[in-house]
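1. Test case, fold it:
(2 chains)
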There are 2 protein chains.
Amino acid sequence: MTMKVGYLGPQGSFTEAAAKAVMPDSERNSFPTIPSCMEAAAEHEVDAAVVPLENAIEGSVNMTLDHLIHKHELPITAEVTVPIEQHLLVHPDQEINLEQITDVYSHPQAIAQCHEFIRRELPNAAIHYTNSTSAAAQELQEHPEWRAAAVANLLAAETYELIPARKNIHDYGNNHTRFVLVSDLKNVLERKEAAKHKTTMVITLPSDYSGALHQVLSAFSWRKLNLTKIESRPMKTGIGNYFFVIDVEKEMDDVLLPGVIAEVEALGCGVRVLGSYPCLVSSETENTENKELSPK
Amino acid sequence: MTMKVGYLGPQGSFTEAAAKAVMPDSERNSFPTIPSCMEAAAEHEVDAAVVPLENAIEGSVNMTLDHLIHKHELPITAEVTVPIEQHLLVHPDQEINLEQITDVYSHPQAIAQCHEFIRRELPNAAIHYTNSTSAAAQELQEHPEWRAAAVANLLAAETYELIPARKNIHDYGNNHTRFVLVSDLKNVLERKEAAKHKTTMVITLPSDYSGALHQVLSAFSWRKLNLTKIESRPMKTGIGNYFFVIDVEKEMDDVLLPGVIAEVEALGCGVRVLGSYPCLVSSETENTENKELSPK
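-> Numbers count the residues shown, from 1 in each chain, chains lettered A, B, ... in the order given. Here you go, the predicted model:
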């Protein structure tokens, strides 16, 4: 039976590229917002959902974390890291001459990510903002008479029949977005082997006293457990109350992580595990159907 | 002389509400992206810039932090916390009857923040996405014949002559966005008294070894310095290299904070202070010109 995976749309988004990479044989359904996408997975309208967790263009990290923590008991089942590579897309019949481009379309954050390229190479082009990078590509496809360009990824180029006039026009290299696959069904993921695993925990401190976090981190530190991410987030109960989201580079085991949890709870903290999962890297956003996912 | 402050637009955005609150007597200039706004301040086209730092609707935290760290030497001069209150706005002549509303316009994240209200009260309304909450309000103003609503703040209602049919329709209370005023000019801020001050530091660890962060936090912990935020962020040099952004609830002094910095540097870490600044709270987004900013 074909699995159904929901993703934060529209079609051709970086989130769709991540969904395609992690569940290549599944049917993909687009959702307009992070909450609607996660709700569909919670209510089993789809088998799993792919949403951005960090450094995304289409959505907010905060919203995904908030929903994982406050709304749904959907375990994180896999992480997919996708390189955020922006390209200047044009019509395939268009001569690739930047001087002829009078208008550039994209999402404000993608335009911002390519700020230096646009200022240097397209100083006179008018900038037009769209709801997403793929919406810009779609608009371009619908207007074959335009001498315009869209800033978007290669999946959008493929989806909307455009070609890159310039590749990798983003100001920084090594820009990645972390997506997560969430699902309360077992076996949504065919292949789980990966060189790297992570466990994500939410830790609530007993009160806002100085040094509380330092004490909690001791439980990880003396076990030589590597933290790949730590982030304080405000509680929904008001300013000044914080909890911490911690990513540990270790799969849930029988000894070390349960030991951390028991100690941190003994300090009076609340602990919740959001998931223990393999970390996958999608090497390209183009034609991921025929590409292997590489373990990190 | 009137000061000029740049803000992440468009007009009527939550960022404009923050700019209005922190520099009420200044001339406000709208910029379409975070980089263009901060660049204008760096090049003294404006005297200061207001950009979102945390939990924003209009922009990304990551982009603001990245620009503060990598691009411009613009000190954080003040923090302004603005409550994110979403309202259902309609034409002033419209009867406030939710059943007659056939269409709802807003930014995807604002729609997502009001997910439960919309599902419960407007289950049959068609949802339309706009580039920003204030763009939705503007579109409504331009179509007086529509029986539609926009989800936006009270500044947008005021700017585009709409009224709230329902106030505070967001799913969570206590949702705030932190904005920062950045400027390399002295005296952009008239009143600096505030009950609370923060110092923001960027700390680069010597290598990705387990426990490094724990050791750094000791320098804060034994001085009983309260951290209000800690966040790991990837370096631009590739996955797996992290630095930490730490907010300390203390104004820069001659003894304690220089002591922390000296110790952390002696451990082999890099330290950069992004600013030491007063924390202000804007109590309402409406008519902030006539409201006092309350100290936190």
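
2. okay, CA-based contacts and neighbour counts for the rest of this
-> Fine.

3. who does the longest strand along chain A pair up with?
-> In chain A, with assignment by DSSP state E, the single longest strand is strand A:270-281. With DSSP bridges as the test, strand A:270-281 is paired with strand A:76-83 (parallel), strand A:197-204 (antiparallel), strand A:294-295 (antiparallel).

4. Strands along the stretch 101-250 of chain A, start to end?
-> A:103-106, A:126-129, A:148-152, A:163-166, A:176-182, A:197-204, A:227-234, A:242-248 (DSSP state E, counting those that start in this stretch).

5. can I get those strands in TSV with mean pLDDT and mean neighbour count?
-> Output for those, formatted as TSV (pLDDT from 0 to 100; neighbours: other C-alpha atoms under 10 Å in any protein chain shown):
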stretch	mean pLDDT	mean neighbour count
strand A:103-106	94	23
strand A:126-129	86	16
strand A:148-152	95	29
strand A:163-166	95	19
strand A:176-182	90	24
strand A:197-204	94	22
strand A:227-234	82	21
strand A:242-248	88	22
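
6. Low-confidence regions, the stretch 1-150 of chain A specifically.
-> A:55-61 (pLDDT under 70).

7. Tell me where it has helices.
-> Assigned by DSSP state H, counting those that start in this stretch, the stretch 1-150 of chain A shows helices spanning A:14-22, A:34-42, A:61-66, A:108-113, A:115-121, A:133-142.

8. Buried deepest among these, which one?
-> The highest average neighbour count among these, using mean count of other C-alpha atoms under 10 Å in any protein chain shown, belongs to helix A:14-22 at a mean of 28.

9. That helix versus strand A:176-182: what angle between them?
-> 60 degrees (axes from the mean of the first three to the mean of the last three C-alpha atoms, to 10 degrees).

10. how far does helix A:14-22 sit from the chain's center?
-> 9 Å (C-alpha atoms, centre = their mean, to the nearest Å).

11. nearest to B:V260, of the strands paired with strand A:270-281?
-> strand A:197-204 (25.6 Å; C-alpha to C-alpha).

12. What parts of the stretch 51-200 of chain A come near chain B?
-> Within the stretch 51-200 of chain A, the positions adjacent to chain B are A:55, A:59-60, A:62, A:108-109, A:111-112, A:115, A:129-131, A:172-176 by C-alpha under 8 Å from any C-alpha of the partner chain.

13. pLDDT score for A:V216?
-> Looking at A:V216, its pLDDT is 89.

14. Show the contacting residues for it.
-> Residues near A:V216 by C-alpha atoms under 8 Å, 6 or more residues apart in numbering or on different chains: A:264, A:267.

15. With B:E263 as the reference, measure out to it.
-> 21 Å (C-alpha to C-alpha, to the nearest Å).

16. hang on, A:M252 in a helix?
-> No - counting by DSSP: H, G, I helix; E, B strand; the rest coil, A:M252 is not part of a helix but coil.

17. circling back to that earlier point, among the strands paired with strand A:270-281, which is nearest B:D254?
-> strand A:197-204 (33.0 Å).

18. Name the residues that touch that closest one?
-> Contacts with strand A:197-204, where a contact means C-alpha under 8 Å, 6+ apart, come from A:69, A:242-252, A:269-279.

19. And chain A, what are its domain boundaries?
-> Listed by automatic domain parsing, the domain ranges of chain A are A:4-83+A:176-295, A:87-166.
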